[in-house]
Every structure is written in C-alpha cells, then in structure tokens.
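Chemist: Everything below, folded, please.
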Amino acid sequence: MSQQASKQRAAEAALELLPERGIIGLGSGSTAALFIDGVGRLVQAGRQLVGVPTSEASRQQALRLGIPLLDDAGPWDLDVCVDGADEVSAALDLIKGGGGCHAREKIVNEHARLNVIVVDDTKLSRRLGEQWPVPVEVLPFGAQATLERLRRLGPTELRRRDGAPWRTDSGNLIFDVKTGPIDDPAQLDARLLAIPGVVETGLFVGRAQLVLVAGAAGVRRLERA
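Modeler: Residues are numbered from 1 along each chain as shown. Prediction:
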C-alpha cells in the first residue's frame, strides 16, 4: 500500500469518530488535509459541524469546502481535534511542525476534549528525535541571539523555503533543532520554552489521547493509558 493510501485510510478512520453536530479542530498537513476533505463532504451532506482551523492553509481549504468556521480569537470548546504528526513515540508523544503550524496547532489542541492524531506507520519511533529535529518557532527580534542558545541543545538550522527564511502564519521564524533521540521530551520542552524569544516548540507531550496508525494491515488504534 502506498503512503498516500495509508494517509487516506487514517483520515477516514478519524471521520468515523466525529459527532453528528459539534466543533471540530481542523489540523494541518497532508493527512489532516484529507480529513478536512472528508469533513467537507459531511457538511455538504447535512452534518452540523463547525471548524477551528490550525493554519491559514487549513482555513482556506475549509472555506472552499463550505465548512463553517469559528472566530480565531476563541474561546472554543472543541469536541474533537484531528491533526497529523511528523513523529510519534512509543509513549504517544509527538513532534509536530514540519508544516510550520505547531504554535496554532498546540493552542487548538489545548481546547479539545479529545485529540486524535492521524498518521501512517512510517511516523512511528521508539523515542522522539530518532527521525525528526524539533521545530522551534522564534520571534524575528533577537533571532541570532536565540539561535546561539538553541545551539547549546543540538545542531540548529534556520528553516528556509525557496531560499528565504520560512515565515509562520504569525510572521515568526522556525529553527530546527537536531537533538537526536530524546530521553525526556517534557524536560526538553521546558528548557526550550525557557529561552527568551522562543514562541513555541513542536514537542507535544501528553497531548494525544488517540493515535490512528494506517498501514498495509489496516488502521491501528493506539490509546494513551
């Protein structure tokens, strides 16, 4: 089975968890985009679902599909948030931020009663950091000073797109910190957030109640104890 087919399976499994009516967090990334397509079909069929997008890309997709959206400012009380991840550990902790949306994703995640992560089985690792660096969103002001601090935790690179610094939806920069396998993600998250200039990290510790993992054998449910 292709990776794309696995992503589609995971997205469809998440659609089965949605209420008949409610507020849904709309994640970002390739698998989440497939899920949003499905939400659009449900809304067009009469399901009373309202979304809170985690990125401008997700917002534009939802608007094209006719999904009603709540105001950005909140407050929200989400029934469920469905999002992707770049890496999932055996403890169901996550690295997110490959698409540069992790600050908004973490805010929406915080306000959902159920957080569902949809991935294909290539995203699984024993420990976070085995496959991915940790994305860190950083204010442009003092960015080089912040970079010096980040480099104390591992080789760190400014993320670029088309030769220019990658800008998040909030206008900030992203530095990718290559930590290697992470023994204590919560401790590392705290150390990163303690650095002045850091807006948010891509470490999502204890934030996924259910991970839907699609592969050749179907979709597995991994649940936090």
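
Chemist: Return the distance of stretch 98-112 from the chain's centre.
Modeler: Between the centre of stretch 98-112 and the centre of its chain there are 6 Å (C-alpha atoms, centre = their mean, to the nearest Å).

Chemist: What are the buried residues along that stretch?
Modeler: Within stretch 98-112, the residues that count as buried by 16 or more other C-beta atoms under 10 Å are 98-109, 111-112. C-beta here means a position set from N, CA and C on the backbone, and glycine is covered the same way.

Chemist: Specify which member of those is nearest to Leu158.
Modeler: For those, the residue nearest Leu158 by C-beta to C-beta is Gly100; the value is 12.3 Å.

Chemist: how about the closest one, phi and psi?
Modeler: Note on Gly100: backbone dihedrals following degrees, to the nearest 10 are phi 80, psi 20.

Chemist: Neighbours of the closest residue to it other than its chain neighbours, how many?
Modeler: Excluding its sequence neighbours, the residue lying closest to Gly100 (C-beta to C-beta, 6 or more residues apart in numbering) is Thr168, at 5.0 Å. When neighbours are counted by other C-beta atoms under 10 Å, Thr168 registers 23.

Chemist: what does the model give Thr168 for pLDDT?
Modeler: pLDDT recorded at Thr168 is 96.

Chemist: Just say helix, strand or coil for it.
Modeler: Counting by DSSP: H, G, I helix; E, B strand; the rest coil, the backbone at Thr168 sits in coil.

Chemist: That one reaches Ala103, doesn't it?
Modeler: Yes - using C-beta atoms under 8 Å, Thr168 is in contact with Ala103, at 6.9 Å.

Chemist: got any residues that touch both of the two?
Modeler: Taking C-beta atoms under 8 Å, 6 or more residues apart in numbering as the criterion, Thr168 and Ala103 both touch Glu137.

Chemist: gap between the nearest residue to Ala33 once chain neighbours are set aside and Asp183?
Modeler: Nearest non-adjacent residue to Ala33, counting by C-beta to C-beta, 6+ apart: Gln61, 6.3 Å away. Separation of Gln61 from Asp183 (C-beta to C-beta, to the nearest Å): 37 Å.

Chemist: Neighbour count: these two, which is higher?
Modeler: Gln61 (21 against 11).

Chemist: Show me what Glu87 bridges to in the sheet.
Modeler: Residues in a beta bridge with Glu87, per DSSP bridges, are Ile95.

Chemist: What is the subsequent helix or strand relative to the helix or strand hosting Pro135?
Modeler: When elements are assigned from DSSP states H and E, Pro135 belongs to strand 134-138. Moving toward the C-terminus from strand 134-138, the next helix or strand (DSSP H and E) is helix 143-150.

Chemist: low pLDDT regions in the protein?
Modeler: 1 (pLDDT under 70).

Chemist: next one: phi and psi at the residue nearest to the spatial centre of the chain?
Modeler: For the chain, the residue sitting closest to the mean C-alpha position, by C-alpha atoms, centre = their mean, is Lys96 at 4.7 Å. Per-residue torsions, Lys96: phi -130, psi 170 (degrees, to the nearest 10).
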